[in-house]
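In: have a look; sequence and predicted model below, questions after that.
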Amino acid sequence: MTRLIDLLDNEHIKYTLDEPMSAHTTFKIGGNADLFITVDSVSELKSAINACKSSDIPYMILGNGSNLLISDRGIEGAVITLDGEFKDISTDGDIITAGAGAKLSRLCTAALDRSLSGLEFAYGIPGTVGGAVYMNAGAYGGETKDVLTSVTALTQTGEVKEYGADELCMGYRTSVFKTNGNIILFAKYKLHNDDKAAVKARMDDFMNRRKTKQPLEYPSAGSVFKRPEGAFAGTLIEQCGLKGKTVGGAQVSEKHAGFIINIGGATCDDVMDLVKLVQDTVKTQTGYTLEREIIRTGR
C-alpha cells in the first residue's frame, strides 16, 4: 500500500485512507475501504489503475453506490470514484453526452432544459450514468438501451474505445460491461425534441409514482431482486406475507415488498440473511426462484 500511495502522490491524485463506505452507498451500509481514490480525468484514471496494478493492489470502480451492498468488514484494496470531467454533460442538437460519474437526475434535468425527450423514465433512479449503462437501468417501460447510441470505455489493456449500441449486448439488467471488465467513461444518447412542459409533466408523473409506491424515505439499494419470468418479485414476496419482515436493522418494506430498507443500524449480514429468508420462503411457497439484483461486495 505504501508504494501505491507514493505513486498517487507523485501524480497528485486525491485519496483518503480507511474511508467509510457507508457514506458512499444509498443503503448507508459498509465498512471501510483501505484506500478511496478520486480521479478527475481519463489520464488520472489510467494512472490510478496502473499504480494499483503495479502495486498488486485490487481495485474497484464506484458510482453512486445505489445498487450495492458492501460488507461490514469493508473493502480490501482501493475504491476508485469518478469526478471532474466524468460529471460533465453536453448536448449537440438531440444528442446528449454525459460522463459516467454524472448522476441520472442531472442528466434528465439537462435533457429537460433543452426540451429533449427519451430519458423521463430515468428521473428518480438514484444512480450514475455509468451504473445505468452497466446494468441497463430501466423503469416504467423505458430502458437505457432505448436511447443509448454509444459508450466510450477504458479497456483492460488501457485503450480508450468507443462501442456502438449494437456492441453493448444490453438486456434485462445487463450489458457487455458485466463480463468484459472494461470501465465506462462516457455515454452518448439520442433523444428527440418535444414540448418542454410535456417532458416535465412525464418526469413529475414518474417521480410522484416513485414517492407513492417506493420507500424513498429509508436508505435502500432499490429493487433487491430481478423480475422473475412471468411474475413480479414484489408481488410474490407480498403474497408470502413477508412485508415488514425484519432481521436486525433490515426490513422488507411495508410500502413495496421488492425493497429491503435500512430502518436503522442495518448491517450487510442483516440484509443478506433477510435476502436468503425471502428467497427460501418464496421458493417454498410459490416455486419461483428470486435472483438477487443488488451486488454484494467486500471482504
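Out: Thanks, I have the structure now.

In: mind giving me the domain split of the protein?
Out: 2-82, 87-211, 215-297 (automatic domain parsing).

In: now the ones you listed as TSV including mean neighbour count?
Out: All C-beta spots, glycine's among them, are computed from the backbone N, C-alpha and C. Shown next, in TSV, are those (neighbours: other Cβ atoms under 10 Å):
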stretch	mean neighbour count
domain 2-82	19
domain 87-211	18
domain 215-297	18
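
In: these into CSV, with extra columns for mean pLDDT?
Out: Below are those laid out as CSV (pLDDT from 0 to 100):
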stretch, mean pLDDT
domain 2-82, 96
domain 87-211, 96
domain 215-297, 97
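
In: helix, strand or coil for Val199?
Out: Recorded secondary structure, Val199: helix (DSSP: H, G, I helix; E, B strand; the rest coil).

In: how close does it get to Thr289?
Out: 39 Å (Cβ to Cβ, to the nearest Å).

In: and what of Ser47?
Out: Between Ser47 and Thr289 the distance is 43 Å, computed by Cβ to Cβ.

In: which parts of the stretch 151-299 of the chain are strands?
Out: 160-164, 183-190, 192-193, 220-223, 246-247, 250-252, 259-262, 295-297 (DSSP state E, counting those that start in this stretch).

In: can I get those in CSV including distance to Leu68?
Out: Converted to CSV, these look like this (distance: least, Cβ to Cβ, whole Å):
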stretch, distance to Leu68
strand 160-164, 24
strand 183-190, 15
strand 192-193, 33
strand 220-223, 6
strand 246-247, 19
strand 250-252, 15
strand 259-262, 13
strand 295-297, 5
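
In: among those, which is nearest Cys240?
Out: Among the strands of the stretch 151-299 of the chain, strand 250-252 comes nearest to Cys240, with 9.8 Å by Cβ to Cβ.

In: nearest residue to Leu107 in space, please, no chain neighbours.
Out: Ala98 (5.1 Å; Cβ to Cβ, 6 or more residues apart in numbering).

In: contact partners for the one you found?
Out: With contacts defined as Cβ atoms under 8 Å, 6 or more residues apart in numbering, the neighbours of Ala98 are Asp88, Ile89, Ser90, Leu107, Ala110, Val129, Phe186, Ala187, Tyr189.

In: quick one: contacts for the last one?
Out: By that I understand Tyr189. With contacts defined as Cβ under 8 Å, 6+ apart, Tyr189 is in contact with Ile95, Ile96, Thr97, Ala98, Gly118, Leu119, Val147, Leu148, Thr149.

In: the second one: helix or strand, and which one exactly?
Out: Secondary-structure element containing Ile96, defined by DSSP states H and E: strand 95-99.

In: which helices and strands does the following helix or strand past that strand pack with?
Out: Once the chain leaves strand 95-99, the next helix or strand it forms, by DSSP H and E, is helix 104-113. Where contact means 3 or more Cβ pairs under 8 Å, 6 or more residues apart in numbering; DSSP states H and E, helix 104-113 is packed against strand 89-92, strand 95-99, helix 129-134, helix 196-213.

In: quick check: which of the strands of the stretch 151-299 of the chain is nearest to Leu35?
Out: Shortest distance between Leu35 and the strands of the stretch 151-299 of the chain, using Cβ to Cβ, is found for strand 295-297: 15.3 Å.

In: adjacent strands (with direction) for the closest one?
Out: strand 68-70 (parallel) (DSSP bridges).

In: and the next element down the chain from the partner strand?
Out: strand 75-82.

In: Gly30 and Leu154, how far apart?
Out: 25 Å.

In: now swap in Ser223 and tell me
Out: 29 Å.

In: ok, back up a step: any chance of the contacts of Ala98 in JSON lines, with distance to Val176 too?
Out: Listed next are these as JSON lines, based on distance: Cβ to Cβ, whole Å:
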{"residue": "Asp88", "distance to Val176": "24"}
{"residue": "Ile89", "distance to Val176": "23"}
{"residue": "Ser90", "distance to Val176": "24"}
{"residue": "Leu107", "distance to Val176": "21"}
{"residue": "Ala110", "distance to Val176": "26"}
{"residue": "Val129", "distance to Val176": "16"}
{"residue": "Phe186", "distance to Val176": "16"}
{"residue": "Ala187", "distance to Val176": "13"}
{"residue": "Tyr189", "distance to Val176": "17"}
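
In: what is the nearest of those residues to Ser66?
Out: For the contacts of Ala98, the nearest to Ser66 is Val129 (12.1 Å; Cβ to Cβ).

In: ok, now which ones touch the closest one?
Out: Applying Cβ under 8 Å, 6+ apart to Val129 gives the contacts Ala98, Gly99, Ala100, Gly101, Ala102, Lys103, Leu104, Leu107, Ile184, Ala187.
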